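Q: Generate a structure from the sequence data that follows.
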Amino acid sequence: MKGEVILIRLTDVGRKIDLKKAVDIIHGIQYKVIIKKRDTPKYVDFPEPIRLEIIQRITTTSQYINEVKLQVKIYEDGVISLTAHLKFADIQLNELYEIRKIKFYVENIEYNINQFLKSHETKIFNQIRDCIDEVGYNFGITDTEKYTMYCLTDTFENPKSFINENKIFIANLLMGEDPELNLNQYQIERTLENSFSYLQNDYIIFDFDRGLIIDPTEDYNDILTVIEIANYQLLELRILDKLLERRLSLAESDISKIYYMSGTLWRRLSKRVGNLLRLKYDLSYLLESVENVSKLFGDFYLAQLYTQLAELFQLKEWSGSIRHRIDTIGDIYNVAQTNLNEKFLLYMEILLTFIFVIEFVFLILGYFN
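A: The predicted structure follows:
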């Protein structure tokens, strides 16, 4: 068999990346993703990243792979994306497992594929660090999403029959399990059920972390774009959820101090509320992107793929959880400010009462004098 293994790695490194500065550093090209394949609309708008392609000859422990094509994308929303293409030929199906275990030797340093991608990511991050606004959102939060696609470009008379004949092996491959693992029939069917086909000779299966494409025409770049966008959205939602978890902890800490009011508490709460408003802006922008992508696809083939990935990644559930958390934080600060306002009014009433009493006392003393 021939084809390629494609590994997609996306990492959130900060709140924003200044692409105008970054493009001068890494010498990439800022481009617009335009999909004009199958029955998709004439154009579909996605974020406009900087793209850089690297083709690197390598020494490996595999006789099937000696070259890695690496595509780097830098998104303005603080994401670095790396896509590695490892082409192979004359390989048996059961040898696909070995590809993820092979060792790379670059400048006499040994890597596996994940370490290889991580080293490039770190190099790019260090190059553009000064272009990044709020690295780790000031909480030290960074996170990564990874997805692997096994792409077979042989011509199969009936791709579905090929899948059925090798369903145990393919299910183990997509789940990342040992090929000899004796999976339950129900688990095999669940793993292979998210399948799609556009032509008689192509076939696609998605699982949570891995997928399989059979396409003798190698016309699957648009599908890879959909996979990257879905993982991009999942990554950003997970980062926002972690940020909100940290904010929630800070909010709980602040509210617990309401009854031990200090002179700086009001200013601290005001700053927290200001940060919360900015976070709401970021959240609204991202959620709008998440919820509108499927509308951009319309009722087309790629929309079906995107919808299935969104369900696998539970994007709507992530969105709902984030909305609930941001509402909770808003309620906490509203309670805090209400308590402070009530305390302030109470102190003002006490002060006015004290002034009134003093004036009354002076009035009485003046009357008797």
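Q: which non-adjacent residue is nearest Gln308?
A: Of all residues not flanking Gln308 in the chain, Asn194 sits nearest, at 5.4 Å (Cβ to Cβ, 6 or more residues apart in numbering). For every residue, glycine as well, the C-beta is placed using N, CA and C.
Q: Against Leu181, how distant is the one you found?
A: Distance of Asn194 to Leu181, given as Cβ to Cβ, to the nearest Å: 20 Å.
Q: Kindly report the same for Gln187.
A: The value you get for Gln187 to Leu181, if Cβ to Cβ is used, is 10 Å.
Q: what about those two, which has more around it?
A: Between Gln187 and Leu181, Gln187 has the larger neighbour count (other Cβ atoms under 10 Å), namely 14 against 11.
Q: which one is that one nearest to, not counting chain neighbours?
A: Leaving aside its sequence neighbours, Gln187 sits nearest to Ala171 (Cβ to Cβ, 6+ apart; 7.1 Å).
Q: tell me which residues of the helix or strand harbouring the one you found are tucked away?
A: Here Ala171 sits within helix 167-175, counting by DSSP states H and E. Going by neighbour count (16 or more other Cβ atoms under 10 Å), the buried part of helix 167-175 is Lys167, Ile170, Ala171, Asn172, Leu173, Leu174, Met175.
Q: for the fourth one, what are its contacts?
A: The reference is to Asn172. Residues in contact with Asn172 (Cβ atoms under 8 Å, 6 or more residues apart in numbering) are Asp178, Pro179, Leu181, Leu183.
Q: ok, now the first one?
A: Under the criterion of Cβ under 8 Å, 6+ apart, the contact partners of Lys167 comprise Ile188, Leu192.
Q: Check the gap between the residue nearest to Gln308 and Leu93 for me.
A: 20 Å.
Q: Make CSV out of the buried residues of helix 167-175 and add pLDDT.
A: Converted to CSV, the buried residues of helix 167-175 look like this (pLDDT from 0 to 100):
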residue, pLDDT
Lys167, 91
Ile170, 92
Ala171, 92
Asn172, 91
Leu173, 90
Leu174, 92
Met175, 91
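Q: can you tell me the average pLDDT over stretch 183-196?
A: Stretch 183-196 carries an average pLDDT of 89.
Q: cool, and stretch 97-114?
A: Averaged across stretch 97-114, the pLDDT comes to 79.
Q: now do stretch 347-359
A: Averaging pLDDT along stretch 347-359 yields 77.
Q: number of nearby residues for the closest residue in space to Arg100 that isn't next to it in sequence?
A: Excluding its sequence neighbours, the residue lying closest to Arg100 (Cβ to Cβ, 6+ apart) is Ile113, at 6.5 Å. The number of residues packed near Ile113 is 22, by other Cβ under 10 Å.
Q: The one 10 residues further on now?
A: When neighbours are defined as other Cβ under 10 Å, Lys123 has 11 of them.
Q: Tyr97 too?
A: By the criterion of other Cβ under 10 Å, Tyr97 has 15 neighbours.
Q: you'd agree it is up against Pro179?
A: Yes - with contact defined as Cβ atoms under 8 Å, Tyr97 counts as touching Pro179 (5.6 Å).
Q: Residues that sit against both of these two, list them.
A: With Cβ under 8 Å, 6+ apart as the test, Tyr97 and Pro179 both reach Leu173.
Q: if you average pLDDT over stretch 220-231, what comes out?
A: 89.
Q: ok now that stretch, how far from the chain's centre?
A: Counting by Cα atoms, centre = their mean, to the nearest Å, stretch 220-231 is centred 13 Å from the centre of its parent chain.
Q: Name the residues of that stretch that come out as buried.
A: Tyr220, Asp222, Ile223, Leu224, Thr225, Val226, Ile227, Glu228, Ile229, Ala230, Asn231.
Q: do the same with stretch 191-208
A: Buried, per 16+ other Cβ under 10 Å, within stretch 191-208: Thr191, Leu192, Asn194, Phe196, Tyr198, Asn201, Asp202, Tyr203, Ile204, Ile205, Phe206, Asp207.
Q: Out of the residues you listed, list just those in strands.
A: Of these, the ones assigned to strands by DSSP state E are Phe196, Tyr203, Ile204, Ile205, Phe206.
Q: Who is the last one paired with across the strands?
A: Read that as Phe206. As for beta bridges, Phe206 partners with Gly211 under DSSP bridges.
Q: so what's Glu218 up against?
A: Counting by Cβ under 8 Å, 6+ apart, Glu218 has contacts Cys151, Thr153.
Q: Tell me the secondary structure at it.
A: coil (DSSP: H, G, I helix; E, B strand; the rest coil).
Q: And it, how close does it get to Leu70?
A: 18 Å.
Q: cool, Asp154 as well?
A: Note on Asp154: its distance to Leu70, by Cβ to Cβ, is 25 Å.
Q: Mind checking which of these two has more residues around it?
A: Legend: neighbour count by other Cβ under 10 Å for Asp154 and Leu70, higher for Leu70 (18 against 13).
Q: Who are the packing partners of the helix or strand where the more buried one lies?
A: Per DSSP H and E, Leu70 falls inside strand 67-75. Applying 3 or more Cβ pairs under 8 Å, 6 or more residues apart in numbering; DSSP states H and E, one finds that strand 67-75 contacts helix 19-26, strand 50-57, strand 79-88, helix 113-128.
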